[in-house]
Each structure stands twice: as C-alpha cells, then as structure tokens.
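Q: Structure, please.
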Amino acid sequence: MSVLTRDEAQTRAQILDVERYTIALDLTTGEETFDSATAIRFTARAAGDTFVEVKPATLRSISLDGQPLDPALLDGNRYPLTGLTAGPHELRVDAAMHYSRTGEGMHRFTDPTDGETYLYTQLFMEDVQRVFAAFDQPDLKSVFAIDVTAPEGWTVLGNGVAEHTGEGRWTIAPTPLISTYLVAVAAGPWHSITTEHAGLPFGIHCRRSLAPYLDADADEILDITRACYDRYHEKFDEPYPFDSYDQAFVPEFNAGAMENPGLVTFRDEFVYRSAVTDTERQTRAMVIAHEMAHMWFGDLVTLTWWDDIWLNESFAEYMGYQTLTEATRFTDTWVDFGVARKGWGYDADQRPSTHPVAPDPDAV
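A: Numbers count the residues shown, from 1 in each chain. You can find the predicted model right below:
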C-alpha cells in the first residue's frame with residue numbers, strides 16, 4: 001500500500017477542487033463485506049495526472065465522465081487518473097469493501113450478550129479508503145451525501161440528520177464542507193435517548209445490552225453536553241456549524257473518542273456499569289467537552305496536513321478543561337490536568353520520535 005506523502009498531497013490540492021461525494025452503502029450483503037458505490041464530482045484546475053484512493057475487497061467497476069476504466073489498473077490503494085482535462089469531472093466507483101474487526105474503516109461487532117450486531121466507522125487518519133473511494137487528504141474538503149441500506153429494525157446515524165425512508169433505507173443530510181477523515185456512519189439496533197437543545201436534535205446512543213446503564217447516566221451526560229454547548233457559544237462568534245449533535249458510545253473502539261462532526265463516537269467503557277469515582281465522571285465529562293471543542297477547531301477549521309495535529313488536540317484539550325470548569329459542577333478539572341494529563345504530556349515529549357533535531361548539533 002502506498003502512503004500519501006505531503007508533497008503528493010500538496011500537488012493534488014493544486015490540481016483538484018472536490019465539490020461533492022454521493023455515496024451509497026449497502027450493509028445487508030453479509031458478514032464479511034458491504035457494498036460501496038461512490039460518485040465524486042470534482043474540477044481539475046489544469047490538465048494532468050492524479051489518483052484516487054480505495055482499498056476494496058473487490059473493485060467491480062470504475063468510470064470517469066461516463067467512460068469505463070479498467071479495474072485492473074488499481075495499484076495497491078491507488079487508482080491512476082491520467083490525462084485529465086481541465087474542467088469538471090465525475091468519477092464513479094463501485095466496490096465491495098471488507099468489514100474491520102480492529103477499528104479501521106467500517107468496524108463490525110456482534111454483542112455476545114444478545115447477539116445483536118453494530119457497525120460504525122473510524123476513518124482517521126487514512127481509513128476512509130476502506131469505506132468508499134476518496135481523494136483522501138484533510139485539505140480537500142467536500143460535501144458528503146450518504147444513503148445507507150441497513151437491516152430492518154436498525155437505526156442509522158451520520159454527520160447530519162438521518163431520515164428513515166422505508167425498507168431499511170436511510171438518507172443522511174448532506175454535510176457542509178468537511179475533510180474525508182471526519183465522515184461518520186453508525187448503524188445497528190441502538191438504544192437511543194433523544195432531546196432537543198437550541199433548536200437542534202441531540203442524542204446519545206449505545207448498544208441495547210447497555211441500555212440500563214446509559215439510562216442511569218443520561219441526565220448527567222445530556223446536562224454536561226448542553227452546558228458545554230452553551231458555553232462554547234458564549235466564547236465563539238461562530239455558531240455551531242452542523243445540523244445535529246449525536247454522541248454514540250460504541251464497542252471495541254480503538255481510541256478514546258473521535259470528533260466526527262455531528263456524530264461523536266466514544267469508547268463504550270464510558271457507559272459505566274458499576275459505581276465509579278467522581279474523578280471518573282469528571283474524566284468522561286472532560287472528553288465530552290474536548291470533542292465538542294473540535295466541532296469548531298478541527299472540524300469547521302481543519303489542519304492542512306498532519307503535522308498540525310498537535311495544535312488541533314492541544315487546543316481542544318485546553319478548551320475542554322477550561323469550559324468544563326466554567327460551565328459544570330466539575331470546578332477542579334485543572335487539578336486533574338496537573339496530576340494526570342500534564343505528566344502524561346511530559347512523558348510523551350521525552351520519546352525520541354518527538355525530537356526531529358538531535359540535542360547535540362554535532363552528533364552523527
């Protein structure tokens with residue numbers, strides 16, 4: 001598999017303007033793969049060559065401006081687009097994609113408690129290619145419109161409001177301009193608690209077997225969510241830029257949480273199954289506040305390349321602690337920061353990989 005370099009990304013960003021992805025996902029085709037059909041509308045600013053990324057189980061077909069291309073030309077995760085003319089184009093890709101069991105792309109989990117299955121995406125940093133074809137780099141933002149076919153009885157969640165149109169079909173409202181790694185879909189027989197705040201739908205979701213535990217903490221989670229949302233609006237001139245705010249506590253998550261706009265995902269260990277300390281509740285509240293800060297700083301305003309991820313995360317960490325202190329009952333969050341997070345940061349800073357320059361300039 002080829003890894004996208006910064007130079008390649010800069011070159012492609014100079015060539016392309018990506019306007020819209022129209023994506024259809026069929027999650028009813030079996031336990032190993034799902035179907036993914038993508039249409040990408042883009043404009044080439046000048047004639048030349050480029051490529052699109054996709055990691056399929058099977059690449060069934062690909063066409064450019066209605067002309068079929070040879071699927072056999074796929075090289076690892078790259079399909080070459082040669083001889084592009086300046087002007088508008090439409091690329092269509094139809095593929096079968098593998099489910100993941102390790103958290104990349106479309107993760108599939110079957111709950112051992114009741115046998116129910118849940119799916120959710122984790123596309124950071126470059127795993128969108130495991131779900132649909134894309135020009136996969138953070139500065140090529142676009143509108144994403146997604147239709148999902150899921151088993152009857154499931155609920156589909158996405159970056160925007162999802163509408164059930166019948167027979168297992170769902171349409172997710174098109175996004176504003178966002179980066180490919182921030183696209184999110186979650187599907188399954190979720191236990192959901194929904195409300196409305198500031199004129200927007202808010203929801204929290206978990207697998208059904210955890211329903212009693214989420215219900216027990218729902219008021220606390222939603223109160224913190226509302227309080228942080230209101231405080232961020234007092235801080236920032238820019239209103240919340242998306243049409244809904246869902247938080248899904250998902251199983252086997254390979255991170256702590258992910259700031260997908262309009263659909264934040266958390267590891268479902270944050271749905272507490274037994275008595276916990278107030279510090280643990282504060283930690284969960286801090287993660288809620290941190291991820292919400294990303295709605296503005298990370299999602300609305302996004303890094304151009306991954307070397308700015310430190311600023312993205314550091315700012316959300318600062319805003320999370322500050323906002324939680326200002327807006328909720330957790331007024332001692334900076335003590336926790338000094339005891340736990342600051343030391344963790346110092347420890348990370350001592351790892352050799354974080355020091356691109358040798359301490360001794362004359363060292364060989």
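Q: The closest residue to D35 other than its chain neighbours: how many residues sit nearby?
A: Leaving out its chain neighbours, the residue that sits closest to D35 by C-beta to C-beta, 6 or more residues apart in numbering is D26, at 3.9 Å. Using the backbone N, CA and C atoms, a C-beta is placed for each residue, glycine as well. Neighbour count of D26, defined by other C-beta atoms under 10 Å: 17.
Q: all helices for this protein, in order.
A: 6-15, 211-235, 278-294, 309-327, 333-336, 342-349 (DSSP state H).
Q: quick one, strands of the stretch 101-250 of the chain?
A: In the stretch 101-250 of the chain, the segments counted as strands under DSSP state E, counting those that start in this stretch are 105-110, 117-122, 143-149, 155-158, 162-166, 169-172, 185-188, 191-197, 200-206, 245-250.
Q: wait, which of these is closest to T11?
A: strand 143-149 (23.2 Å; C-beta to C-beta).
Q: May I ask you to confirm that the residue nearest to D35 is in contact with I146?
A: No: D26 is beyond contact range of I146, at 11.8 Å (criterion: C-beta atoms under 8 Å).
Q: what residue ranges in the stretch 1-150 of the chain are flagged as low confidence?
A: 1 (pLDDT under 70).
Q: now do 50
A: For the stretch 1-150 of the chain, applying pLDDT under 50 flags no range at all.
Q: The stretch 251-364 of the chain now?
A: 353-364.
Q: if we can go back for a sec, and among the helices of the chain, the most buried is which?
A: Comparing the helices of the chain by mean neighbour count (mean count of other C-beta atoms under 10 Å), helix 278-294 ranks first with a mean of 21.
Q: who does that helix touch, helix- and strand-wise?
A: Where contact means 3 or more C-beta pairs under 8 Å, 6 or more residues apart in numbering; DSSP states H and E, helix 278-294 is packed against helix 211-235, strand 257-258, strand 263-267, helix 309-327, helix 333-336.
Q: starting at the chain centroid, how far to the second one?
A: On the basis of C-alpha atoms, centre = their mean, to the nearest Å, strand 257-258 is displaced by 8 Å from the centre of the chain it belongs to.
Q: cool, and the last one?
A: Taking C-alpha atoms, centre = their mean, one finds helix 333-336 lying 28 Å from the centre of the chain it belongs to.
Q: So which of the helices of the chain is nearest G203?
A: That would be helix 211-235 among those, by C-beta to C-beta, at 9.3 Å.
Q: mean confidence score for that closest one?
A: Averaging pLDDT along helix 211-235 gives 98.
Q: same thing with stretch 155-170?
A: Here the average pLDDT along stretch 155-170 is 98.
Q: Return the alpha-carbon coordinates of that stretch using CSV.
A: C-alpha atoms of stretch 155-170 as CSV (Å, rounded to 0.1, in the frame of the first residue of the first chain):
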residue,chain,number,x,y,z
THR,A,155,-31.1,2.9,13.3
VAL,A,156,-28.5,4.7,11.1
LEU,A,157,-26.6,7.7,12.4
GLY,A,158,-24.4,10.1,10.5
ASN,A,159,-22.8,13.5,10.4
GLY,A,160,-26.2,15.0,9.7
VAL,A,161,-29.8,14.2,10.5
ALA,A,162,-30.7,10.7,9.2
GLU,A,163,-34.1,10.1,7.8
HIS,A,164,-35.6,6.6,7.5
THR,A,165,-37.3,6.4,4.1
GLY,A,166,-38.6,2.8,4.5
GLU,A,167,-37.5,-0.8,3.9
GLY,A,168,-34.2,-0.3,5.7
ARG,A,169,-33.2,2.7,3.7
TRP,A,170,-31.8,5.9,5.3
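Q: In CSV, list the helices of the chain along with distance to P56.
A: Shown next, in CSV, are those (distance: least, C-beta to C-beta, whole Å):
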stretch, distance to P56
helix 6-15, 20
helix 211-235, 35
helix 278-294, 30
helix 309-327, 28
helix 333-336, 44
helix 342-349, 36
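Q: So for E269, which of those helices sits nearest?
A: Closest among the helices of the chain, using C-beta to C-beta: helix 278-294, at 9.5 Å.
Q: Please list the outside residues in contact with the closest one.
A: Here helix 278-294 makes contact (C-beta atoms under 8 Å, 6 or more residues apart in numbering) with 220-221, 224-225, 228-229, 232, 245, 247, 256-259, 264, 266, 270, 272, 312, 315-317, 319-321, 323-324, 328, 330, 332-333, 336.
Q: In CSV, could you pull the C-alpha coordinates for that helix?
A: C-alpha atoms of helix 278-294 as CSV (Å, rounded to 0.1, in the frame of the first residue of the first chain):
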residue,chain,number,x,y,z
ASP,A,278,-16.4,11.3,40.8
THR,A,279,-13.0,11.7,39.1
GLU,A,280,-14.0,9.1,36.5
ARG,A,281,-17.2,11.0,35.9
GLN,A,282,-15.2,14.2,35.5
THR,A,283,-12.9,12.4,33.0
ARG,A,284,-16.0,11.4,30.9
ALA,A,285,-17.2,15.0,31.1
MET,A,286,-13.9,16.3,30.0
VAL,A,287,-13.8,14.0,27.0
ILE,A,288,-17.3,15.3,26.1
ALA,A,289,-16.1,18.9,26.3
HIS,A,290,-12.9,18.1,24.4
GLU,A,291,-14.7,16.5,21.5
MET,A,292,-17.2,19.3,21.3
ALA,A,293,-14.4,21.9,21.0
HIS,A,294,-13.3,20.1,17.9
